[in-house]
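S.K.: Provide a 3D model corresponding to the input given below.
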Amino acid sequence: MSLLYKIITMLLAFLFSLMGFSQQLEGQKLDLDFEQVKAGYPIQWIDMGDSEYAIYADSVHVQSGKYSVVIENTGTEAGYKALALVLPQNFKGDSIHLSGYIKTEHVTEGFAGLWMRIDPMLAFDNMDDRGVMGTVDWQKYEITLPLDPAKTEGVYIGGLLVGKGKMWLDNLQVTIDGKALDDPTLEVFVRAPLPAELDKEFDAGSAIAIPSPTTETVANLELLGKIWGFLKYHHPEVAKGNYNWDYELFRVLPAYLKVKSKEERDGVLLQWIRKYGTLAPCGTCEAVTKDTVLQPDFSWMKQLGMSQELQRELQQVYENRNQEKHYYIALEHLVGSPRFDHEDLYATMPYPDSGFRLLAVYKYWNMIEYFFPNKHITDKNWEEVLKEYIPVFLEAKSELEYELAAIQLIGEIQDTHANLWGGGDKFAEARGNYFAPFKVSFVEDQLVVVDYYNLELAEAAKLSLGDVITHINGETIASMVNRLRPYYPASNEAARLRDIAENALCSPNTSLLITYQKAGKTKQMDLVLYPQEELNRYHWYKVDEKQRSFKLLDDNIGYITLANIQTEDILEIKQQLKDTKGIVIDIRNYPSAFVAFDLGRWFVDESTPFAKFTVADVNNPGVFTFTQLVEIPNEAETYKGKVIVLINEYSQSQAEYTAMALKAGKNTTIVGSTTAGADGDMAQFHLPGGLRTAISGIGVYYPDGTETQRIGIVPDVVVQPTIQGIIQEKDEVLEKALEILKK
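M.R.: Below is the predicted model of the structure:
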């Protein structure tokens with residue numbers, strides 16, 4: 001991977017972190033001359049790039065005002081660093097002009113420049129063909145790009161340094177058709193509302209009461225749900241935003257529920273589809289490409305008893321499907337994860353009526369059907385799930401039953417990223433908000449006390465590290481796990497048990513009756529529980545924020561934890577630990593900063609591929625294709641010692657991706673136990689009733705095509721904690737790593 005390609009790739013990915021930031025800047029005067037400084041940093045700006053660079057305000061060398069900003073390579077390698085700001089408004093106009101002053105000192109192996117990008121991938125310029133090199137005093141530089149406000153989703157500006165040396169940046173100016181951003185005659189582009197946004201007919205409810213469904217009704221509703229989702233993501237008129245597709249369901253449902261035969265059913269469906277007009281021939285609708293990994297499964301069109309005429313009508317929609325921007329679905333730029341647009345929360349109806357409950361299961365099933373990259377590796381055939389859950393959702397008699405139906409459906413995709421992340425108030429209420437003062441985990445298939453949230457309260461409870469809890473309120477732990485399993489979505493059993501353990505000792509009451517084993521003796525007690533806010537209860541793992549992210553252990557062995565690592569630590573880590581005989585990198589946590597490349601490049605002798613992804617195709621829903629291989633570029637001076645990476649079920653998502661990157665090093669060994677099996681960027685979406693959930697939005701594979709979803713990162717050396725080790729307060733996984741390094 002070339003340096004320039006890496007810069008462009010990382011810069012595009014970085015822009016998403018700015019989108020929410022832009023909302024904070026609305027109404028503020030943009031700090032284009034870097035005068036708003038806090039702790040030596042321009043406060044409105046965000047930076048990204050390699051860690052061997054410093055960014056700071058300079059009050060000595062300025063072009064105007066009190067400060068300029070400096071980007072300086074403080075290391076020995078030619079990487080890059082960029083500053084970025086997103087414009088808070090989408091302005092009307094034909095062109096946008098960025099100017100600014102740059103001063104450089106000894107810039108080599110790259111260039112200094114301004115950059116500007118208009119999303120979604122409408123225009124981009126970073127001066128790579130005319131960048132500033134060498135030592136140059138203050139000079140003005142400019143970028144002009146064409147505007148298309150109707151298509152624009154974001155405009156980003158900034159400056160960057162590629163390679164070695166130092167640059168100053170000052171006095172930026174942005175104009176639209178020659179007008180400054182504070183010109184009162186400059187207009188903000190406001191898109192006219194689409195018909196889908198003006199349709200409010202069912203905002204207060206569907207007014208549809210669906211009786212307890214018969215087998216025939218369920219079969220008919222299954223067919224309707226699959227056709228509804230197929231049209232949502234394929235039909236050009238729906239894609240344009242001409243229809244509130246949720247409410248179109250409620251318009252066809254009353255007649256559909258009354259059908260008495262298949263012929264009558266298919267007649268209603270044909271009339272419904274033809275309501276949206278005759279489609280123009282599509283000249284770009286290819287079925288698959290050579291890079292296709294997964295294809296849509298339309299076998300249901302033949303298996304659900306539709307007439308030939310209805311099948312042909314659906315085939316016509318597929319052959320002339322939407323190829324333009326889609327109102328309901330898009331892909332995050334470069335990352336490729338799905339973005340489910342314009343999906344209303346319907347938060348004012350926590351217990352939706354039967355029409356909206358049916359809509360919820362339709363929405364979820366079709367989102368997974370067309371845009372979940374790991375649908376093919378679930379235990380249950382996804383084609384059968386819709387039929388199974390239609391009666392579950394329709395027969396939910398309360399808000400709690402609706403939430404339980406939703407979380408069970410979410411669990412069917414077996415993705416640790418997929419859970420009830422918002423809403424679900426009744427489920428949380430039933431689970432309770434009183435907790436034990438100590439942490440328990442499954443060790444050797446038993447529920448064991450492994451840590452304390454509050455030492456004083458835990459000691460009062462008279463339970464010690466290594467004590468084994470066998471019953472809760474008279475129920476065996478094995479029975480409890482089986483009962484709770486459907487309500488704890490997870491990619492694999494290790495992640496599920498991790499999450500069950502976290503809530504095993506919680507209750508809506510202030511005590512639980514527990515039976516436990518201490519030193520071979522069985523005991524019983526009423527365990528006092530405490531409100532969560534009194535316990536300083538940490539999620540999954542403990543982080544000591546007072547400690548540095550790295551240290552030197554005995555026998556000249558380095559230790560790095562990613563739980564509190566910062567990108568600015570990387571340079572010092574390389575300086576302090578370069579001469580050690582080995583390094584332990586602990587990722588039994590979630591990294592506090594993205595360091596997969598900055599740290600990983602230290603351990604490879606040459607540019608090394610370590611992953612590839614599958615991404616969805618909005619123009620052909622259900623198709624997934626492989627991206628190019630992702631590579632870690634090497635450094636001139638690489639670490640020569642052995643590297644041990646520690647993982648377990650707490651290693652999830654970015655932690656797993658980082659472990660993959662570190663594994664690319666030739667001297668790297670993975671030690672521990674299977675990870676959570678949920679890699680890939682999260683894609684979030686809403687369901688009726690104020691429910692929020694998510695999926696792993698891209699498929700993550702090793703270069704040879706081996707999947708990581710559900711499997712997780714498989715250790716080279718398997719080590720798991722033991723009860724005896726817990727009693728003796730040993731970190732047996734770390735001890736094994738040190739043993740390997742010392743040998």
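S.K.: correct me, but Lys578 touches Tyr639?
M.R.: Yes: using C-beta atoms under 8 Å, Lys578 is in contact with Tyr639, at 6.6 Å. The way it works is simple: take the backbone N, C-alpha and C, and place the C-beta from them, glycine included.
S.K.: when those two are compared, which one has more neighbours?
M.R.: Tyr639 (21 against 15; other C-beta atoms under 10 Å).
S.K.: grab the nearest non-local neighbour of that one.
M.R.: Nearest residue to Tyr639, sequence neighbours excluded (C-beta to C-beta, 6 or more residues apart in numbering): Trp602, at 5.1 Å.
S.K.: helix/strand/coil for that neighbour?
M.R.: The three-state label given to Trp602 by DSSP: H, G, I helix; E, B strand; the rest coil is helix.
S.K.: also Glu656?
M.R.: Going by three-state DSSP: Glu656 is helix.
S.K.: am I right that it is in contact with Ala678?
M.R.: Yes: the criterion here is C-beta under 8 Å, and Glu656 meets it with Ala678 at 7.4 Å.
S.K.: neighbour count: the two, which is higher?
M.R.: Looking at Glu656 and Ala678 with other C-beta under 10 Å, you find the greater number of neighbours at Ala678, namely 28 against 24.
S.K.: would you mind confirming that the more buried one makes contact with Asn419?
M.R.: No: if you go by C-beta under 8 Å, Ala678 and Asn419 don't touch, sitting 10.1 Å apart.
S.K.: could you list the low-pLDDT ranges of the protein?
M.R.: 1-28, 289-290 (pLDDT under 70).
S.K.: where is the longest helix in it?
M.R.: Longest helix of the chain, by residue count under DSSP state H: helix 215-234.
S.K.: and the helix or strand following that helix, how far out from the chain middle?
M.R.: Using DSSP states H and E, the helix or strand that follows helix 215-234 in sequence is helix 236-239. What separates the centre of helix 236-239 from the centre of its chain is 27 Å, taken as C-alpha atoms, centre = their mean, to the nearest Å.
S.K.: what does stretch 54-67 give?
M.R.: Its chain's C-alpha centre and that of stretch 54-67 lie 37 Å apart, by C-alpha atoms, centre = their mean.
S.K.: cool, stretch 490-508 as well?
M.R.: The answer for stretch 490-508 is 21 Å, by C-alpha atoms, centre = their mean.
S.K.: one more: stretch 672-681?
M.R.: 13 Å.
S.K.: and it, end to end?
M.R.: In stretch 672-681, first residue to last residue: 24 Å (C-alpha to C-alpha, to the nearest Å).
S.K.: same check, this time on stretch 625-632
M.R.: Stretch 625-632 end-to-end distance (C-alpha to C-alpha) = 22 Å.
S.K.: need phi/psi at the closest residue in space to Glu444 that isn't next to it in sequence.
M.R.: Leaving aside its sequence neighbours, Glu444 sits nearest to Ile723 (C-beta to C-beta, 6+ apart; 5.6 Å). With angles defined as degrees, to the nearest 10, Ile723 sits at phi -60, psi -40.
S.K.: tell me what the longest helix of the chain is packed against?
M.R.: helix 245-257, helix 262-274, helix 308-319, helix 354-371, helix 382-394 (3 or more C-beta pairs under 8 Å, 6 or more residues apart in numbering; DSSP states H and E).
S.K.: quick one: furthest residue from the center of the chain?
M.R.: Counting by C-alpha atoms, centre = their mean, the extreme residue of the chain relative to its mean C-alpha position is Lys521, 45.8 Å from that point.
S.K.: right, I'll leave it there.
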